[in-house]
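In: take this sequence and fold it.
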Amino acid sequence: MPRRNADKIILDLCGGTGAWSRPYQAAGYDVHVITLPAYDVTRWTEYPEFVHLVRSGQVHGILAAPPCTQFSRARTTAKTPRDYRGAMTVVEACMRIIWEARYAGGVEWWALENPVGHLRRFLGRPSFTFQPWHFGDRYSKQTDIWGYFERPAKKRGARPLSKFEEYLSRRNIRSLPTVEGMKLTRADRRAITPPGFAKAFFKANP
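Out: All right, here's what the predicted structure looks like:
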């Protein structure tokens with residue numbers, strides 16, 4: 001029996017563990033997680049099979065999560081200046097992939113995320129901003145989404161964090177998720193897309 005949704009291609013750019021695209025994979029979509037070390041999005045034109053995929057006109061949706069380190073408001077004790085130019089090369093590469101796929105047609109939606117920070121200075125106001133607890137995940141990490149997509153519905157009755165939960169989030173000492181079969185740093189685990197949000201986004205953008 002053919003897989004349901006197998007003809008719908010999802011690109012998960014800078015996808016890391018693939019947490020954002022996991023609901024699509026579970027639903028049978030043809031998901032491609034484009035991330036280091038296998039793929040460097042800034043060199044995407046050097047991967048013929050990926051270029052063919054982007055320009056095929058068969059891409060259904062695109063998720064993008066470029067690294068946030070240089071844009072983070074929490075980066076206050078670094079010994080080197082912010083490298084906005086270097087960080088924006090990754091953002092620009094994600095956008096060029098999105099544009100190229102849009103030129104080819106077929107893209108129903110696309111979204112680019114980053115924790116609330118200095119990326120707003122370059123991309124302007126986001127289409128949507130959320131907290132993980134809006135979707136049932138009990139921690140705080142205010143995140144911006146730019147793009148062309150339907151806004152996911154926040155969980156009915158979602159309650160704000162307690163002072164203790166806020167403290168754990170602020171100090172980055174909350175319990176962090178793991179992914180079976182993957183060796184992840186603490187930073188990798190902090191960056192994993194909240195599962196409640198990922199499911200709600202999928203429901204709004206099938």
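In: who touches the helix or strand harbouring Met95?
Out: Assigned by DSSP states H and E, Met95 belongs to helix 84-104. Where contact means C-beta atoms under 8 Å, 6 or more residues apart in numbering, the residues beyond helix 84-104 that reach it are 11, 13-14, 41-42, 44, 54-57, 59, 62, 64, 66-67, 69-71, 107, 110, 112, 118-119, 122-123. No exception for glycine: its C-beta is placed from N, CA and C like everyone else's.
In: what are the C-alpha coordinates of the helix or strand following it, in CSV please?
Out: The element immediately downstream of helix 84-104 (helix or strand, assigned by DSSP H and E) is strand 109-115. What follows is strand 109-115, C-alpha atoms only, in CSV (Å, rounded to 0.1, in the frame of the first residue of the first chain):
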residue,chain,number,x,y,z
TRP,A,109,3.6,27.2,2.7
TRP,A,110,7.0,28.1,4.2
ALA,A,111,8.2,29.2,7.6
LEU,A,112,11.5,30.4,9.1
GLU,A,113,12.0,30.5,12.9
ASN,A,114,14.4,32.0,15.4
PRO,A,115,14.1,32.8,19.1
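In: tell me what the helix or strand just after strand 109-115 is packed against?
Out: Once the chain leaves strand 109-115, the next helix or strand it forms, by DSSP H and E, is helix 120-123. Using 3 or more C-beta pairs under 8 Å, 6 or more residues apart in numbering; DSSP states H and E, the elements in contact with helix 120-123 are helix 84-104.
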